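Asker: Generate coordinates for the sequence data below:
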Amino acid sequence: MNLPSSSSFAILGAGLMGRLLAVELARQGHAVDIYDAAGPAAEQSAATVAAAMLAPLAESAVTEPGVVRMGQHGLVRWPQLLAGLEKPVFFQQQGTLIVWHRQDAGEAQRLTLQLQANNRAIPELPPLELLDGTGLATVEPALAGRFTKGLYLPGEGQLDNRQLLAALLHEMQRLGVDTHWHAPRHPDAFAPGEPGQPDWVLDCRGLGARDPWRALRGVRGEVVRVHAPEVTLQRPTRLVHPRYPIYIAPKEDHLFVIGATEIESDDLSPASVRSTLELLSAAYAVHSGFAEARIVEVATQCRPTLPDNLPAIRQQRPGVLEVNGLYRHGFMIAPAMLDVVMELLAAGQSRLAPRFDLNLQLLQQPQEAAVAALLP
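Answerer: Got it, this is the predicted structure:
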């Protein structure tokens with residue numbers, strides 16, 4: 001691929017990946033146009049409805065080691081990426097807490113053994129810590145006396161997704177990125193490399209790319225945002241439950257993002273009464289201070305997901321690179337995906353991709369095609 005020092009890019013989709021790539025490319029001196037079907041608030045992006053937790057060990061219970069290593073990479077890269085933004089973004093790295101009620105001790109034991117095995121398989125992850133009631137109260141005073149056991153996953157983090165999207169928008173404007181809102185585009189609308197056309201098209205449209213990505217599906221998520229002045233949780237807390245394990249992510253000024261549901265559906269209708277009641281009652285079971293919380297928002301969105309639930313990068317024609325399938329791990333793995341794309345644009349290959357077991361489907365380079373022709 002070998003990117004010249006000053007190239008032009010059309011980025012399709014101004015969600016998390018589109019904005020990260022636009023800022024990085026513009027910062028390197030490239031000309032960037034970004035197109036999105038919605039407006040600057042990213043109201044149709046899955047990134048807007050998220051808790052933005054950066055929890056590779058916690059997520060290892062539901063994903064592959066490559067994604068976990070991408071998450072660990074992201075924990076290193078996010079502070080670097082945020083430091084380059086003019087507007088501040090809430091970020092913390094105080095670990096993840098996992099708690100459970102006595103009736104769910106069996107499910108908690110199964111989860112503990114699974115996380116310990118994943119810890120051994122990926123030794124670069126900080127080891128989890130088993131907590132008794134006293135240790136739990138020390139790590140999270142707000143839960144003192146509420147639970148007798150817990151797990152602490154040190155080093156994990158979170159950020160404020162909406163602050164980040166706004167900060168990236170500000171950075172795009174500051175760097176001279178040409179933004180085209182309410183202007184959906186398909187890769188076929190461009191002829192990369194032709195006169196008057198961009199050198200590259202980067203397709204980051206998520207579920208908007210279901211035409212070229214036939215296997216894409218939506219996985220629905222529902223979150224409740226509440227303002228709870230009586231709750232002082234200091235870090236993301238997960239409640240073990242056999243049917244709806246929830247997470248509570250505390251943001252700034254006593255704002256909490258509560259979520260759990262993961263439904264195989266493209267349905268973008270409002271949240272159901274049942275799922276909302278389950279989320280709120282589970283939050284109340286973690287801390288009674290949620291009883292007097294004020295509901296700020298109940299939101300739904302669908303995450304773009306490929307059949308194996310893993311991300312992928314592919315190139316089906318010259319000058320067009322497609323990035324998709326970030327599923328429920330968007331914020332956790334976005335820095336890794338960003339770094340791989342930048343390596344591919346610069347050199348046609350990525351040294352990071354094998355470490356992440358990342359699915360790359362690229363056009364053969366001329367020398368590779370010649371070798372392949374000689375093989376049986």
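Asker: just for the stretch 251-376 of the chain, where's the confidence low?
Answerer: Segments of the stretch 251-376 of the chain classed as low confidence (criterion: pLDDT under 70) are 261, 365-376.
Asker: The helix or strand hosting F331 packs against which elements?
Answerer: Per DSSP states H and E: F331 is located in helix 330-347. Where contact means 3 or more Cβ pairs under 8 Å, 6 or more residues apart in numbering; DSSP states H and E, helix 330-347 is packed against helix 16-27, strand 53-54, helix 65-83, strand 312-317, strand 320-324. Placement of C-beta: from N, CA and C, glycine included.
Asker: Compute the distance from the centre of the helix or strand just after that helix to the centre of its chain.
Answerer: Counting by DSSP H and E, the next helix or strand C-terminal to helix 330-347 is strand 359-361. A distance of 19 Å separates the C-alpha centroid of strand 359-361 from that of its chain, computed with Cα atoms, centre = their mean, to the nearest Å.
Asker: hang on, the earlier thing: so which of the helices and strands packed on helix 330-347 comes closest to V240?
Answerer: Nearest to V240 among those is strand 53-54; the distance by Cβ to Cβ comes to 15.8 Å.
Asker: For whatever helix or strand comes next after the closest one, which helices and strands make contact with it?
Answerer: Counting by DSSP H and E, the next helix or strand C-terminal to strand 53-54 is helix 56-59. In this structure, helix 56-59 packs against helix 65-83, strand 96-99, helix 105-121, with contacts taken as 3+ Cβ pairs under 8 Å, 6+ apart.
Asker: Turn these into JSON lines, including mean pLDDT, distance to V298 and mean neighbour count.
Answerer: Below are those laid out as JSON lines (pLDDT from 0 to 100; distance: least, Cβ to Cβ, whole Å; neighbours: other Cβ atoms under 10 Å):
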{"stretch": "helix 65-83", "mean pLDDT": "97", "distance to V298": "27", "mean neighbour count": "19"}
{"stretch": "strand 96-99", "mean pLDDT": "98", "distance to V298": "24", "mean neighbour count": "25"}
{"stretch": "helix 105-121", "mean pLDDT": "95", "distance to V298": "27", "mean neighbour count": "15"}
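Asker: Compare the ones you listed and give me the one nearest V224.
Answerer: Closest approach to V224 among those (Cβ to Cβ): strand 96-99, 18.8 Å.
Asker: same for that closest one, what does it pack against?
Answerer: Strand 96-99 sits against helix 56-59, helix 133-139, strand 149-153, strand 237-239, with contacts defined as 3+ Cβ pairs under 8 Å, 6+ apart.
Asker: what's the offset of it from the middle of its chain?
Answerer: Offset of strand 96-99 from its chain centre (Cα atoms, centre = their mean): 19 Å.
Asker: Only C-alpha atoms, please: export it in CSV.
Answerer: What follows is strand 96-99, C-alpha atoms only, in CSV (Å, rounded to 0.1, in the frame of the first residue of the first chain):
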residue,chain,number,x,y,z
THR,A,96,-13.1,-3.7,37.7
LEU,A,97,-15.0,-5.1,40.7
ILE,A,98,-17.2,-8.3,40.4
VAL,A,99,-19.7,-9.1,43.1
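Asker: Mind listing residues that contact that strand?
Answerer: Among residues not part of strand 96-99, those counted as contacts by Cβ atoms under 8 Å, 6 or more residues apart in numbering are 53, 55, 57-58, 108, 111, 136, 139-140, 143, 146-147, 149-153, 156, 235-240, 286.
Asker: Partner strands of it, with direction?
Answerer: Using DSSP bridges, the strands paired with strand 96-99 are strand 149-153 (antiparallel), strand 237-239 (parallel).
Asker: and the angle from the first one to helix 105-121?
Answerer: Right, strand 149-153. Counting by axes from the mean of the first three to the mean of the last three Cα atoms, to 10 degrees, strand 149-153 lies at 20 degrees to helix 105-121.
Asker: so after strand 149-153, what's the next helix or strand?
Answerer: strand 157-159.
Asker: Check which helices and strands that next one is in contact with.
Answerer: When contacts are defined as 3+ Cβ pairs under 8 Å, 6+ apart, strand 157-159 sits against strand 53-54, helix 65-83, strand 91-92.
Asker: which helices and strands sit right next to the first one?
Answerer: Using 3+ Cβ pairs under 8 Å, 6+ apart as the contact criterion, the elements in contact with strand 53-54 are helix 65-83, strand 157-159, helix 330-347.
Asker: residues in contact with G206?
Answerer: Contact partners of G206, counting by Cβ under 8 Å, 6+ apart, are G13, G15, S45, A46, R303, P304, N324, L326.
Asker: returning to what we had before: select, out of the helices and strands packed on strand 96-99, the one closest to P311.
Answerer: Comparing the helices and strands packed on strand 96-99 by Cβ to Cβ, helix 56-59 comes nearest, at 13.1 Å.
Asker: Fine by me, we can end here.
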